[in-house]
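Enquirer: attaching a predicted model along with its sequence, questions to come.
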Amino acid sequence: MSERPEITQKKPAPVDIYDEEFHNNLKIAKGFISELGSRGDKQICRKWIQKLVNLKSDNPVVKKNRNSFFKYLLWVMEQAIKDSAFKIEGDGKQGATDDDSFMCKWSSDKRTYMAAKPLPGLGTLVYMAVSKDPTLGWDHP
């Protein structure tokens, strides 16, 4: 019997699924950054993305956690884009805020008071007070 020479095929290098996902997220983030409304938001996002790019590891757990954080960052960026669509007018300036947007409410038993005021571009200031006895000097409307 004649021996046949063994034919070996070179296997392609395995593609790291986490690195592939990371590079896809980078492409998405690049598009999101251009859509962000404020320059400050863009700088913050670039800073965090650069930290992710600089995170070098061969450990799959580290890569998985990096990608999980990146997905969360993309979600935050997407929310910022959606929010800025309501805040920015056609000329690029933020719309005037209405000082009457302050909201307050008493509970029916007058033991709990809650107030909220939006802080444009920052969030919302919320105040809540609770008392066992509503006659302790609170001014009721």
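Expert: Arrived safely.
Enquirer: tell me where the protein has strands.
Expert: 103-106, 112-119, 123-130 (DSSP state E).
Enquirer: nearest to Lys56, out of these?
Expert: Lys56 lies closest, by CB to CB, to one member of the strands of the chain: strand 123-130, at 34.3 Å. C-beta: built from backbone N, CA, C; applies to glycine.
Enquirer: Asn25 is nearest to which of the strands of the chain?
Expert: Closest approach to Asn25 among those is made by strand 123-130 (25.9 Å; CB to CB).
Enquirer: give the pairing partners of the closest one; include direction for each.
Expert: Counting by DSSP bridges, the strands paired with strand 123-130 are strand 112-119 (antiparallel).
Enquirer: can you list contacts of the strand it pairs with?
Expert: The contact list for strand 112-119 (CB atoms under 8 Å, 6 or more residues apart in numbering) reads 97, 101-107, 124-131, 138.
Enquirer: do that again at 7 Å, thanks
Expert: 101-106, 124-130 (CB atoms under 7 Å, 6 or more residues apart in numbering).
Enquirer: buried residues in it, which are they?
Expert: Of the residues in strand 112-119, Tyr113 count as buried by neighbour count, 16 or more other CB atoms under 10 Å.
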